[in-house]
Structures are given as structure tokens and as C-alpha cells.
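Student: quick one: sequence and predicted model below, then my questions.
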Amino acid sequence: MRHIIKFVLFLVFAGTLSCHSQKDKVITRIDKAEMNSNVIGKAVQLIDVRTPGEYNAGHIDDAINFDISKYQNFIEQINTLDKEDPVYLYCAVGARSIHAAKILKSKGFTKIYDYSGGYDDWIRD
């Protein structure tokens with residue numbers, strides 16, 4: 001009986017967390033199709049968080065380069081963005097961009113889109 005009660009409490013707790021995460025619409029993961037339809041050719045805040053070397057070897061559309069590995073510079077650069085307008089982020093495969101998204105969220109940005117496939121996905125057919 002004690003195991004059943006613990007299990008039910010776990011389900012209630014997990015359900016509460018699940019509902020909370022669904023309500024958090026600040027960070028949204030997007031794919032290549034959404035990048036093509038919502039970003040390419042549009043006047044958006046598109047940020048490439050890779051290193052300058054990676055950026056110079058190729059980048060998406062009119063992205064600007066804010067290198068997340070240079071944390072203090074990254075913070076200064078994101079402070080130039082409009083916190084109320086959507087910000088689209090990408091890196092090579094998605095790890096650095098989700099980290100960057102969490103930083104932007106902590107700094108008060110309200111609409112953050114993380115291209116989860118990154119540049120590697122972008123150049124793939």
C-alpha cells in the first residue's frame with residue numbers, strides 16, 4: 001500500500017512539472033522547416049553562437065555572430081538586442097544554442113527560438 005501511495009504522489013508531482021514546462025513558452029526548439037518559413041529572408045534577430053572561425057566558414061542567412069565561448073562579450077552583445085522581439089539562436093548541433101537560450105531567458109528575453117539541429121543540420125540535404 002505504501003508503494004502505491006508513493007507512486008500516486010510521484011505521478012501527481014510529475015504531472016505538475018509537466019504542466020509547468022508546457023506553460024514555459026519562452027524557449028521553443030525549432031527545426032529546419034521552421035527556420036526556412038519564419039527566419040530566412042526576414043528581418044529577425046538571428047544569432048550564431050559559434051566561434052568566429054566557425055561563423056566565417058559558413059553561416060545561416062544574415063545571422064550575426066555572438067560567440068558564447070567568450071561569456072562576458074556574449075553578455076554585452078545580447079544586451080544590444082531587443083528583449084521583446086523574438087531571438088533565433090543556433091550553433092553547430094544544438095548544445096551551445098540551448099545554453100545561450102537559457103542565458104537569454106535569465107536576462108529577461110521573452111521569445112527565444114533555438115534551432116536544435118544547428119548549422120550541421122542546415123547544410124545537410
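Tutor: Right, received. Where do you want to start?

Student: got the end-to-end distance for stretch 36-55?
Tutor: Using Cα to Cα, to the nearest Å, the end-to-end distance of stretch 36-55 comes to 19 Å.

Student: residues touching that stretch, excluding its own?
Tutor: Outside stretch 36-55, the residues that touch it by Cβ atoms under 8 Å, 6 or more residues apart in numbering are 30, 59-69, 74, 78, 81-82, 85-92, 96-97, 100, 113, 119. Using the backbone N, CA and C atoms, a C-beta is placed for each residue, glycine as well.

Student: how far away from the center of its chain is that stretch?
Tutor: The chain centroid and the centroid of stretch 36-55 are separated by 12 Å under Cα atoms, centre = their mean, to the nearest Å.

Student: what average pLDDT does that stretch get?
Tutor: Taken as a whole, stretch 36-55 carries a mean pLDDT of 97.

Student: for this structure, what spans make up the helices?
Tutor: Here the chain has its helices, by DSSP state H, at 2-23, 32-38, 52-56, 71-78, 95-106, 118-123.

Student: pick out the shakiest of the ones you listed, pLDDT-wise.
Tutor: Looking at the helices of the chain, the bottom one is helix 2-23 with a mean of 44.

Student: buried ones in stretch 45-59?
Tutor: Of all the residues in stretch 45-59, those buried under the rule 16 or more other Cβ atoms under 10 Å are 45, 46, 47, 48, 49, 50, 51, 54, 55, 59.

Student: how close does residue 54 sit to residue 96?
Tutor: From residue 54 across to residue 96, the span is 10 Å (Cβ to Cβ, to the nearest Å).

Student: ok, residue 61 next?
Tutor: According to Cβ to Cβ, residue 61 stands 18 Å off from residue 96.
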